[in-house]
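Student: Build me a model from this:
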Amino acid sequence: MLAPLLALLAIPATFAGYACTDTTKAMVSLKGPGPGNGTVYFTQQAGSDEVHITGELNAFTPGKHGFHIHTSGDIYTDGCASTGGHYNPFNRTHGAPTDRIRHVGDLGNVEVDDSGHAKIDFTDRVITLCGRRTILGRGVVVHSGADDLGRGGFADSKTTGHAGNRTACGVIATVDATK
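Tutor: Next up, the predicted model:
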């Protein structure tokens, strides 16, 4: 009961009881129905409310691509479509990573250069690797188009960011935090 209220007020994860007691690291290997692929790491230091997200994407079309945590880690039943919608435990509208009101899984866009490559390196204070709203076991999806961050005025802007088809996905799994 308290966690949704704290999230509504944009209280950091440490105060909401979702900070990790040990450094926790996870990764996702992205593959798709399209040619895009990549590896992304998530690291949350002990006692911190920030998750550091790093990685690389390859063989994507140049430009911005929506980058989201989806509810399910099922990529086997029907490929990337099996991951469900954006991870949204508080039933909010879609938004930018910096918005106070957003899905937990709204991580915005990654920018792919002209060679089809993207470097990822940012932090987020809404996702967590610990506690009840952990992203562990959930899906990551890279979309074919740019996420309009809920501001595009399309019928799906407030639910998906009008980011287009799912071009690559994977399941977030823990890895050895000492490596």
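Student: Please make it C-alpha for all contacts and neighbour counts, starting now.
Tutor: Will do.
Student: Can you list the residue ranges for strands in this protein?
Tutor: For the chain, the strands defined by DSSP state E occupy 24-30, 37-44, 51-58, 63-70, 106-112, 118-124, 139-143, 166-171, 173-175.
Student: For the closest residue to Thr160 other than its chain neighbours, give me its contacts.
Tutor: Nearest residue to Thr160, sequence neighbours excluded (C-alpha to C-alpha, 6 or more residues apart in numbering): His94, at 6.4 Å. The contact partners of His94, by C-alpha atoms under 8 Å, 6 or more residues apart in numbering, come to Ile101, Arg102, His103, Asp106, Leu149, Gly150, Ser157, Lys158, Thr159, Thr160, Gly161.
Student: how about a cut-off of 6 Å?
Tutor: By C-alpha atoms under 6 Å, 6 or more residues apart in numbering, the contact list for His94 reads Arg102, His103, Gly150, Lys158, Thr159.
Student: Make CSV out of those residues and add neighbour count and distance to Gly38.
Tutor: Below are the contacts of His94 laid out as CSV (neighbours: other C-alpha atoms under 10 Å; distance: C-alpha to C-alpha, whole Å):
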residue, neighbour count, distance to Gly38
Arg102, 24, 25
His103, 28, 23
Gly150, 21, 26
Lys158, 20, 27
Thr159, 19, 25
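Student: Provide a list of residue ranges in the protein with pLDDT below threshold.
Tutor: Scanning the chain with the threshold set as pLDDT under 70 gives 1-18.
Student: now do 90
Tutor: Scanning the chain for pLDDT under 90 picks out 1-22, 32-34, 49, 131-133, 176-179.
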